[in-house]
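Q: no sequence for this one, just the structure:
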């Protein structure tokens with residue numbers, strides 16, 4: 001058809017004729033354009049249980065001249081962050097991402113795009129707009145050499161992410177088909193992995209991704225068994241504690257030995273309290289003589305910190321935990337405990353655990369140790385409930 005007001009061809013279709021019927025798993029929506037003996041049928045393919053939309057142009061050159069064009073796709077948005085993240089700490093990435101010739105996963109925030117337009121040419125590839133829990137991505141033909149472009153429009157708060165496929169040239173009487181896929185939906189790690197290489201990296205676990213991905217795999221397998229993400233987190237905690245059991249045993253042994261040395265430490269303080277250098281020398285001699293490592297109690301905590309941070313990203317980034325209930329008042333493991341019950345239980349358990357440690361001879365250090373449970377309780381009040389559940393257990 002033709003738009004008589006503007007003198008340009010337009011697609012025509014009747015929207016009411018398309019309906020995904022019961023028992024039907026996919027639906028093709030066709031839009032037809034005929035202009036100067038060029039017939040183009042634009043086909044969208046929607047699937048009932050998938051967020052991947054297929055796009056295909058079926059072109060027929062019935063004219064007497066050569067026809068040439070390239071497929072172009074884009075994503076356009078402003079810089080507004082729609083995420084409502086009530087957890088304190090590191091925030092999810094918002095911005096553009098793509099796979100390049102040099103990097104499997106390159107992300108660009110809006111300030112970086114504002115400073116400089118990004119261009120690259122990649123065989124296959126993809127370009128995506130990433131936000132908390134969700135992603136929109138163009139995935140062009142994976143066998144062609146595609147041009148990618150990310151830029152800001154002038155002084156507007158508008159950003160364009162796009163690709164252009166190679167030109168298709170049709171001689172008179174020839175037919176061709178060009179296609180691409182568009183994904184818009186949740187960051188389903190295993191589905192994105194199937195769609196295109198490295199697209200699953202849009203689930204941004206940060207620099208500890210090599211720990212986070214296996215953690216999520218174990219958590220996912222546990223969920224297959226228990227059917228509840230809260231109980232799955234608890235079982236994951238049991239497995240992690242089992243993995244660190246020997247370190248924990250050495251830690252408690254070290255703390256017990258330090259407690260036995262307390263009377264001798266107090267005696268040394270009375271003798272050399274005014275001579276810090278002599279006090280330090282005698283203390284180190286005591287540790288060496290009794291074969292006690294004062295850092296032995298801290299080692300397991302230090303070793304577990306990467307696991308803790310990686311699990312933080314897993315719980316923050318995994319859309320599976322969004323709106324996932326556990327029990328009673330915990331209706332969403334991805335946000336803070338609304339009544340702060342878990343953080344208070346965690347703080348109380350941490351305080352009791354601290355009593356197992358010998359009192360440090362340094363009064364300032366002793367006060368720091370007393371304050372730590374209170375400080376941790378305050379910070380954990382704003383962490384995702386799933387993370388607090390892990391740390392409490």
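A: Noted; the coordinates are in hand. None of the values given here were measured: they were computed from a predicted structure.
Q: just checking, residue 330 touches residue 388?
A: No: using Cβ atoms under 8 Å, residue 330 makes no contact with residue 388, being 9.7 Å away. Bear in mind the C-beta positions are built from the backbone N, C-alpha and C, glycine included.
Q: need the overlap of contacts for the two.
A: Any residue near both residue 330 and residue 388 by Cβ atoms under 8 Å, 6 or more residues apart in numbering counts here, and that gives 337, 342.
Q: which of the two has more residues huddled nearby?
A: Neighbour count, other Cβ atoms under 10 Å: between residue 330 and residue 388, residue 388 has more, with 29 against 20.
Q: in the stretch 251-393 of the chain, where is pLDDT below threshold?
A: Flagging of the stretch 251-393 of the chain using pLDDT under 70 yields the residue ranges 263-266, 268-279, 282, 286-287, 290-301, 357-363, 365.
Q: that one: helices as residue ranges?
A: Listed in chain order, the helices of the stretch 251-393 of the chain (DSSP state H, counting those that start in this stretch) span 262-272, 276-290, 299-317, 341-354, 363-380, 385-392.
Q: which residues sit against the shortest one?
A: Taking Cβ under 8 Å, 6+ apart as the criterion, the residues outside helix 385-392 that touch it are 87, 229-230, 233-234, 236-237, 308, 311-312, 315, 321, 326, 330, 332-337, 342-343, 345-346, 349, 380.
Q: what about the longest strand in this protein?
A: In the chain, assigned by DSSP state E, the strand with the most residues is strand 175-186.
Q: can you tell me which helices and strands that one packs against?
A: Packing partners of strand 175-186 (3 or more Cβ pairs under 8 Å, 6 or more residues apart in numbering; DSSP states H and E): strand 52-61, strand 134-140, strand 168-170, helix 189-195.
Q: make it 6 Å
A: Strand 175-186 sits against strand 52-61, strand 134-140, strand 168-170, with contacts defined as 3 or more Cβ pairs under 6 Å, 6 or more residues apart in numbering; DSSP states H and E.
Q: distance to residue 82, mean pLDDT and mean neighbour count added to those strands, as a markdown table?
A: Formatted as a markdown table, these follow (distance: least, Cβ to Cβ, whole Å; pLDDT from 0 to 100; neighbours: other Cβ atoms under 10 Å):
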| stretch | distance to residue 82 | mean pLDDT | mean neighbour count |
| --- | --- | --- | --- |
| strand 52-61 | 21 | 95 | 18 |
| strand 134-140 | 9 | 96 | 23 |
| strand 168-170 | 37 | 92 | 16 |
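Q: residue 177 - nearest residue in space that isn't next to it in sequence?
A: residue 58 (5.2 Å; Cβ to Cβ, 6 or more residues apart in numbering).
Q: circling back to that earlier point, buried ones in the longest strand of the chain, by neighbour count?
A: Residues of strand 175-186 classed as buried: 178, 180, 181, 182, 183, 185, 186 (neighbour count, 16 or more other Cβ atoms under 10 Å).
Q: again with stretch 35-46
A: 38, 40, 41, 42, 43, 45, 46.
Q: from these, which land in strands?
A: With strands taken from DSSP E, the overlap with these comprises 38, 40, 41, 42, 43, 45, 46.
Q: wait, the fifth one touches residue 56, no?
A: Yes: shown here, residue 43 and residue 56 form a contact pair, counting by Cβ atoms under 6 Å, at 4.6 Å.
Q: for the residue nearest to residue 57 when sequence neighbours are not counted, give its distance to residue 69.
A: With Cβ to Cβ, 6+ apart as the criterion, residue 57 has its nearest non-adjacent residue at 5.0 Å, and that residue is residue 178. For residue 178, the distance to residue 69 (Cβ to Cβ, to the nearest Å) stands at 8 Å.
Q: please apply the same query to residue 168.
A: Taking Cβ to Cβ as the measure, residue 168 falls 6 Å from residue 69.
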